[in-house]
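Engineer: sequence first, then the predicted structure:
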Amino acid sequence: MLIRTLLAATALSAPVVVHAQSMPGMDMGQHGHHAPAPAKAKPAKARTARPTQAPATRPQRRAPAATIGAARPNTAPADHSSMDHGAMDHGTVAPTAPIASAAPQNEPAPSTTPMDRSTMDHGSMAGMAHAGMDMHGMKGMLGGYSMMRDASGTAWQPDSSPMWAIMGKRGDWSTMIHGYATLVYDKQGGPRGDDKTFVASMFMGMGQRQLGDGTLTLKAMGSLDPLMGKSGYPLLLATGETADGRTELVDRQHPHDAFMELSATYSHPLGRDLSGFIYLGLPGEPALGPATYMHRFSGVANPEAPISHHWLDSTHVTFGVATAGLVYKGLKLEGSIFTGREPDENRWNIERPRMDSWSVRATVNPTANLSAQVSHGFLKSPEGLHPDENVRRTSASVTWNLPLGDDRNWQSTFAWGRNDPSGGDHGHTTDAFLLDSAVQLGRWTVFGRAENVDKDELFGDEGGDPLAGRVFNVGKISLGGYHSIPIGKVALDLGGLASKYDLPRDIQPRYGSDPTSFMLFTRLRIVG
């Protein structure tokens, strides 16, 4: 197949990135500062030097679905591993106002360029009370590492990944907000295609504080996607969930729920470089699959959902999640119990937790530029239209990020997912492969996505259709880009994308022999 060949070839090449929606913030443990080395500067100077580096509208980090050009430091990052921070008073490091206005009076305001902290080893800084804490008082949500590592739920991404957000300080709480709204004109080609104009959105807020010897993190994430209607938007080859409780959505992408995450996480040090954590969400995201496409730099630039979504990261909105785990340096082991049933067609409510499913995941970040995970889970009755069917889902993924300089970053993710159902009428084991990549070069960002998926729901289960229930291997390639215009603490993205398909001969009479789809979009997103 064309797509299998492209996936195999491109998986070996460097990735292309887009946006990432992980936890925002600036972490001294992972990003290079442009402040002079402490040996040549007074401690007070070292505490305030960070803002002097950035040009005026600098994003604090990757913003979820609307990350535009992630900028990089203007100078080489300082080597903090050799810096003596013993004299630094950490209690005075965090600003007392949102980061947007936290620059010293005689210094330029921060720019929208995220700092490259990958070379800094915060754990070796003497005199700092909390390993991994950034200059705004935030640290890694699950342990003593850079908060830049945190992505969706308890998932990780490379420490060097960019983020766009507004950071702040309110009393004992460090805060962060990020988000976007995207206006899209969608035209899906072929006989089964359709067109629609809609708005997709995501907004997230986070608060963090010390609690005893540990760290408490609260997150809230929501969307106005339900306003686009229960049937979502046209997307060829997309399957999953329902709009009316009776029929499956096919060739359409369902809208996200209004409440996407309401979670609390508490982490506590257990020893040198070792910590334990508990995560509770209603809704939340279990330890299953890679960081959600909306929350990784390589996936967020593209405004359309992957057709492999329900093999990889569809559990990112789950009504009832409890996760516990251990973190040792760059290794994380965790397990979840959660509700297996996918959200229903009522997108404005919070559903009853069932806690009838489980998952385990191992993640390793061997370097600042690399993150890999493998996970497995049992989902009890995930689809409301097939209540007797359970699914075992297995996933493995690698995300690679490479800072390229000022306003330049490159990230790619390669992921595989398998659904193995039992019971019910669907007895097919199906696989999905995804490669997405995005590269930001100043105000321009170029992105791409290639997928190869086994689909068994394209023609439903009823009505006597001879194609019903059959498994078809389909492929899709999307290429696009956008230009970013900074406007204070937000940025306006103007872009588009086009998609082509690799379809088996048996379904070409239904889809057309060579359909083409495209989207035009403008996105307003927080950059800090």
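Structural biologist: In hand now; what should we look at?
Engineer: hmm, Ser223 is touching Met204, no?
Structural biologist: No: Ser223 is beyond contact range of Met204, at 9.7 Å (criterion: CB atoms under 8 Å). For glycine as for every other residue, the C-beta is placed from the backbone atoms N, C-alpha and C.
Engineer: which of these two has more neighbours?
Structural biologist: Met204 (28 against 24; other CB atoms under 10 Å).
Engineer: quick one, what contacts that one?
Structural biologist: 21, 64, 177-179, 219-222, 261 (CB atoms under 8 Å, 6 or more residues apart in numbering).
Engineer: ok, how many other residues are close to Pro382?
Structural biologist: 23.
Engineer: repeat for Glu342
Structural biologist: The local packing of Glu342 (other CB under 10 Å) involves 22 other residues.
Engineer: for Gly289, same thing?
Structural biologist: Gly289, neighbours per other CB under 10 Å, totals 29.
Engineer: element containing it, please.
Structural biologist: Element membership of Gly289 [criterion: DSSP states H and E] is none; it lies in no helix or strand.
Engineer: thought it was touching Ser397?
Structural biologist: Yes: if you go by CB under 8 Å, Gly289 and Ser397 touch, sitting 7.4 Å apart.
Engineer: mutual contacts of those two, please.
Structural biologist: By CB under 8 Å, 6+ apart, the residues touching both Gly289 and Ser397 are 312, 373, 415.
Engineer: low-confidence ranges, the stretch 1-150 of the chain, go.
Structural biologist: 1-137 (pLDDT under 70).
Engineer: do the chain as well
Structural biologist: Applying pLDDT under 70 to the chain flags the ranges 1-137, 424-426, 461-463.
Engineer: please spell out which residue in it sits farthest from the middle.
Structural biologist: Gly464 (40.4 Å; CA atoms, centre = their mean).
Engineer: helix or strand for that residue, which one?
Structural biologist: Using DSSP H and E, no helix or strand contains Gly464.
Engineer: look up how far His428 lies from it.
Structural biologist: Gly464 sits 20 Å away from His428, taking CB to CB, to the nearest Å as the criterion.
Engineer: got it, and Gln373?
Structural biologist: On the measure of CB to CB, Gln373 and His428 end up 25 Å apart.
Engineer: between those two, who's got more neighbours?
Structural biologist: Neighbours per residue, other CB under 10 Å: of Gln373 and His428, the larger number sits with Gln373, 24 against 14.
Engineer: for His483, which non-adjacent residue is spatially closest?
Structural biologist: Spatial nearest neighbour of His483, excluding adjacent residues (CB to CB, 6 or more residues apart in numbering): Leu494 at 5.3 Å.
Engineer: my guess is the one you found is in a helix, correct?
Structural biologist: No: per DSSP: H, G, I helix; E, B strand; the rest coil, Leu494 lies outside any helix segment and is strand.
Engineer: and it, what is it in contact with?
Structural biologist: So Leu494 contacts 482-483, 485, 521-522 (CB under 8 Å, 6+ apart).
Engineer: does Gly284 touch Gly153 like I think?
Structural biologist: Yes: counting by CB under 8 Å, Gly153 is a contact partner of Gly284 at 6.3 Å.
Engineer: between these two, what contacts are shared?
Structural biologist: 261, 263, 321, 323.
Engineer: could you double-check that the first one lies in contact with Pro286?
Structural biologist: I take that to be Glu261. No: using CB under 8 Å, Glu261 is not in contact with Pro286; the gap is 11.8 Å.
Engineer: so which bits of whatever helix or strand Ala322 lives in are buried?
Structural biologist: For Ala322, the host element (DSSP H and E) is strand 321-328. Going by neighbour count (16 or more other CB atoms under 10 Å), the buried part of strand 321-328 is 321-325, 327.
Engineer: what does stretch 346-356 give?
Structural biologist: 347, 351, 353-354, 356.
Engineer: cool, and stretch 164-178?
Structural biologist: Quick answer for stretch 164-178 (16+ other CB under 10 Å): 164-169, 173-178.
Engineer: which one of those residues is nearest to Ile526?
Structural biologist: His178 (4.9 Å; CB to CB).
Engineer: secondary structure element for the closest one, which one?
Structural biologist: Remark: His178 resides in strand 173-187, with elements defined by DSSP H and E.
Engineer: which helices and strands sit right next to that strand?
Structural biologist: strand 166-170, strand 195-211, strand 233-242, strand 516-526 (3 or more CB pairs under 8 Å, 6 or more residues apart in numbering; DSSP states H and E).
Engineer: mind doing that once more with 6 Å?
Structural biologist: strand 166-170, strand 195-211, strand 516-526 (3 or more CB pairs under 6 Å, 6 or more residues apart in numbering; DSSP states H and E).
Engineer: show me how far the last one is from its chain's centre.
Structural biologist: A distance of 18 Å separates the centroid of the chain from that of strand 516-526, by CA atoms, centre = their mean, to the nearest Å.
Engineer: repeat for the first one
Structural biologist: Averaging C-alpha positions (CA atoms, centre = their mean) puts strand 166-170 21 Å from its chain's average.
Engineer: what would the contacts of Met204 look like in CSV with distance to Leu236?
Structural biologist: As requested, the contacts of Met204 are arranged in CSV below (distance: CB to CB, whole Å):
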residue, distance to Leu236
Gln21, 25
Pro64, 25
Ile177, 34
His178, 30
Gly179, 28
Lys219, 33
Ala220, 33
Met221, 28
Gly222, 28
Glu261, 29
